[in-house]
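Asks: fold the stuff below for me.
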Amino acid sequence: MIKELIIASHNQGKINEFKQLLSPFGVTIYSAAELNLPDVEETGTTFAENAALKAEALAALSARPCMADDSGLCVDALNGAPGVYSARYAPNRNFDLGISKLLSELESTGNTDWSAHFSCVLALKIPQQPIRFYEGRVNGRIIKNRRGDGGFGYDPVFVPEGSTKTFAEMTDSEKSAVSHRGCALRLFLEQEFNV
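Replies: Modelled structure (predicted):
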């Protein structure tokens, strides 16, 4: 049974999501930043490759179980962009600027179908064990005007299927119930904790 887990991220929004979802199972969560572990460069071309790179590197450095995720927004009218480059797509990782860039590029396509999805792949690396993957996806659409001040990243312009709220308008628990990361984490919990 996993009792402690390093999350290979310096993104506090992601860390908080993991803590909220895993705290009922008695798992102590550490961020890479708390343990002074480095950011691992994402050189893969898929979410799974990037998640594996981070999980394996930090599990090797710390000799502890490590989970990494790679996730991103994939917009149909932009041929799946920004995809695995979602964080780097935002200038200097400033998501206000990233949202402006996204909306501008979508407007310039002339396409009125702004269907999109968020994907998340979690990679779990426990020392001396093979890496394991858990994948989640949520379909939705991009809207023209930002709404809400919760969440992070592209949340203010993404409305998931079946909802009228953006991710940024949802409470943490509402978002976790439908989000790509929430879906991937539920698969992880099913397989690792028999939930």
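Asks: ok, residue 87 touching residue 71?
Replies: No - with contact defined as C-beta atoms under 8 Å, residue 87 does not reach residue 71; the gap is 9.2 Å. Bear in mind the C-beta positions are built from the backbone N, C-alpha and C, glycine included.
Asks: and the two? Which one has more around it.
Replies: residue 71 (24 against 16; other C-beta atoms under 10 Å).
Asks: which element is the more buried one on?
Replies: Assigned by DSSP states H and E, residue 71 falls within strand 66-75.
Asks: helices or strands next to that strand in the packing?
Replies: Contact here means 3 or more C-beta pairs under 8 Å, 6 or more residues apart in numbering; DSSP states H and E; on that basis strand 66-75 packs against strand 4-7, helix 47-62, helix 86-89, helix 95-109, strand 115-125, helix 180-193.
Asks: just these: most buried one?
Replies: Sort the helices and strands packed on strand 66-75 by mean neighbour count, taking mean count of other C-beta atoms under 10 Å, and strand 115-125 sits at the top with a mean of 23.
Asks: which elements pack onto the helix or strand bottoming out on mean pLDDT in the chain?
Replies: Of all helical and strand segments in the chain, the minimum by mean pLDDT, DSSP states H and E falls on helix 12-22, at a mean of 81. Helix 12-22 makes packing contacts with strand 4-7, strand 28-31, helix 172-178, helix 180-193 when contacts are defined by 3+ C-beta pairs under 8 Å, 6+ apart.
Asks: list the buried residues for the third one?
Replies: Neighbour counts over helix 172-178 (16 or more other C-beta atoms under 10 Å) mark 172, 175-176, 178 as buried.
Asks: and the pLDDT at the residue nearest to the spatial centre of the chain?
Replies: Note on the chain: the residue nearest the mean C-alpha position is residue 71, at 3.9 Å, using C-alpha atoms, centre = their mean. At residue 71 the predicted local confidence, pLDDT, stands at 93.
Asks: contacts only, for residue 176.
Replies: Residue 176 sits next to 17, 20-21, 182, 185 when contact means C-beta atoms under 8 Å, 6 or more residues apart in numbering.
Asks: how does it look with 6 Å?
Replies: For residue 176, the contact set (C-beta atoms under 6 Å, 6 or more residues apart in numbering) comprises residue 182.
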